[in-house]
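# Show me the folded form of this:
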Amino acid sequence: MESTIATLKERLDDKQKEVAELKSKYNLQTEPSR
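As a prediction, this is how the structure comes out:
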């Protein structure tokens, strides 16, 4: 059970990193006025 939770946490961290990268990319594209 613990190993499953650890795996899920790692996946979640990876997803959050991906989302953060996508957000930064879209922010640069959609908000150039800043």
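# Count the neighbours of Lys23 for me.
Using other C-beta atoms under 10 Å, Lys23 has 10 neighbouring residues. Every C-beta, even on glycine, is put in place using the N, C-alpha and C of the backbone.
# ok, now how distant is it from Gln16?
Separation of Lys23 from Gln16 (C-beta to C-beta, to the nearest Å) stands at 10 Å.
# Also Asn27?
From Asn27 over to Gln16 the distance is 16 Å, taken as C-beta to C-beta.
# Now name the helix or strand holding the spatially most central residue of the chain.
Residue closest to the mean C-alpha point of the chain, counted by C-alpha atoms, centre = their mean, is Gln16 at 2.4 Å. Assigned by DSSP states H and E, Gln16 belongs to helix 2-30.
# so how far is that helix from its chain's centroid?
2 Å (C-alpha atoms, centre = their mean, to the nearest Å).
# Let me know the average pLDDT across that helix.
The average pLDDT within helix 2-30 is 91.
# So which elements touch it?
Helix 2-30 makes packing contacts with no helix or strand when contacts are defined by 3 or more C-beta pairs under 8 Å, 6 or more residues apart in numbering; DSSP states H and E.
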